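1. I'd like to go over a predicted model; first the sequence, then the structure.
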Amino acid sequence: MTTFKVPVREEVSASSQQSFDTLKKVLGMVPNLYATLAYSENGLSRFLAFQNAPTSLSNKEKEAVNLAVSQVNGCQYCLSAHTMLGKLNGFSEEEILLLRKGQSTIPKMHALVQLAKDLTENKGHAAPANLEAFFEAGYNKGNLVDLLLLIADKTALNYLHNLTEVPIDFPPAPELN
């Protein structure tokens, strides 16, 4: 079976080396999953540009969606990374576990993660009630497009880790009960 080692800076393209340098400066490290994107000559820089594009969703909303989507897709790497990032964005451990289930005690956040979970589980299809709840919570069609792009972003990384199984370099996410 093919195995994937995490590429180091000297093994990647010039474009990826620049991205490694930026990540090291901003995060203090190059996360293993981002380094794995550098197997493609321009994959890392293209992905970072997509991921860092402006969006109508707040950082807290993005982390909530990342947790729900990563749970559906069974990605331990992203669950671990976004559990840490969720805490940095003000979520408690209990809130993070709820978000992973596509739930929240905050009605607007609940509508967001419920729809994200539904869309991910059903490959872009959603129950009409979940879509209506999303709009009734105050979101608009632009927010819906941004949600779909975020789901695509996270699903791509979830699939990359599920396929490559590169080592997780974040504290492990707890199991759901």
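-> Arrived safely. Residues are numbered from 1 along each chain as shown.

2. tell me which strands and helices the longest helix anywhere in the chain is in contact with?
-> As assigned by DSSP state H, the longest helix anywhere in the chain is helix 141-164. Applying 3 or more CB pairs under 8 Å, 6 or more residues apart in numbering; DSSP states H and E, we find helix 141-164 packed against helix 32-37, helix 43-51, helix 59-72, helix 76-88, helix 107-121. Any C-beta I mention is one placed from the backbone N, CA and C, and that applies to glycine too.

3. ranking those by burial, who's on top?
-> Ranked by mean neighbour count, the helices and strands packed on helix 141-164 are led by helix 59-72 with a mean of 24 (mean count of other CB atoms under 10 Å).

4. Quick one: list the elements packing against that one.
-> Under the contact definition 3+ CB pairs under 8 Å, 6+ apart, helix 59-72 sits against helix 76-88, helix 93-100, helix 107-121, helix 141-164.

5. Could you pull out the buried residues of the longest helix of the chain?
-> 143-144, 146-147, 150-151, 153-155, 157-158, 160-161, 164 (16 or more other CB atoms under 10 Å).

6. same check, this time on stretch 17-30
-> Burial within stretch 17-30, assessed by neighbour count using 16+ other CB under 10 Å, is assigned to 17, 19, 20, 23, 30.

7. For this structure, which residues score under the pLDDT cut-off?
-> Regions of the chain meeting the criterion pLDDT under 70 are absent.

8. domains of it?
-> The chain breaks down by automatic domain parsing into domains covering 9-51, 59-164.

9. Redo the ones you listed as CSV? Include distance to residue 3.
-> Formatted as CSV, the domains of the chain follow (distance: least, CB to CB, whole Å):
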stretch, distance to residue 3
domain 9-51, 12
domain 59-164, 8
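
10. what does the longest helix of the chain contact?
-> By CB atoms under 8 Å, 6 or more residues apart in numbering, the surrounding residues in contact with helix 141-164 are 4, 33, 36-37, 47, 50-51, 55-57, 62, 65-66, 69-70, 73-78, 112, 115-116, 119-120, 124, 134, 139.

11. still on that earlier bit, quick one: which of the domains of the chain is nearest residue 173?
-> Comparing the domains of the chain against residue 173 with CB to CB, the closest turns out to be domain 59-164 (3.9 Å).

12. gap between the two ends of the closest one?
-> With CA to CA, to the nearest Å as the measure, domain 59-164 spans 27 Å from end to end.
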